[in-house]
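Trainee: Any chance you could fold what I've pasted below:
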Amino acid sequence: MAKVKKDETLEEYRRFYPDTTVTEMTVLDTDTYPQDDDLLEMVTRLGKMTRSMPLYYCVERIGAKCPKPGEEIKLKYRIKVYKSREFLKVCDKMKVGTKVRFHDPKMPKFHYLGEITKEGVHFEGGAACFWLKSEEAGLKDTDDNFAVWWKPVEE
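Mentor: Numbers count the residues shown, from 1 in each chain. Okay, the predicted model is just below:
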């Protein structure tokens, strides 16, 4: 019986959001790498269709073969999207001025507070990020901060 390879990235995101799932999409027979704008559109559209918010996405090339002389190069790409419905609920609360706290199960002793400075999620290197500032953590409002580590302070 073949062993199923454990998805370490999925397990890591499930520590923060236990309902995290992964969806794989394949882009077939293309001669160019998927462009950032197209990727972002696909990822956000998938989130809307599944009523969830992407936490992270990555792209890997698969099955590349050497073309025969005169044959056009065709590539295949696998896009993995890690997403969570619970994360969507958190993102809906992240308005300008919202007080947030740092939360990492690996580091329970760290307690930083911050404030959202710009509404919405943006992606850097495939990871969801918030714009926030935190004097305690030494973060400026122009720094990219991984969204998975920050949650709203409950009133």
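
Trainee: mind giving me the domain ranges of the protein?
Mentor: Domains of the chain are assigned by automatic domain parsing as 8-88, 94-152.

Trainee: pLDDT (mean, whole number) over stretch 61-70?
Mentor: Per-residue pLDDT over stretch 61-70 has a mean of 70.

Trainee: Kindly report the same for stretch 138-149.
Mentor: 85.

Trainee: hang on, residue 91 in a strand?
Mentor: No. Per DSSP: H, G, I helix; E, B strand; the rest coil, residue 91 lies outside any strand segment and is helix.

Trainee: Could I get the contacting residues of it?
Mentor: The contact partners of residue 91, by CB atoms under 8 Å, 6 or more residues apart in numbering, come to 53, 121, 147. Quick note: C-beta positions are derived from backbone N, CA and C, even for glycine.

Trainee: among those residues, who's most crowded?
Mentor: residue 147 (25 neighbours; other CB atoms under 10 Å).

Trainee: Contact partners for the residue nearest to that one when sequence neighbours are not counted?
Mentor: Setting aside the residues directly before and after it, residue 147 is nearest to residue 128 in space (CB to CB, 6 or more residues apart in numbering), at 4.2 Å. Residues near residue 128 by CB under 8 Å, 6+ apart: 53-56, 87, 121-122, 146-148.

Trainee: okay, which residue is most central for the protein?
Mentor: Geometric centre of the chain, nearest residue: residue 56, 1.8 Å, by CA atoms, centre = their mean.
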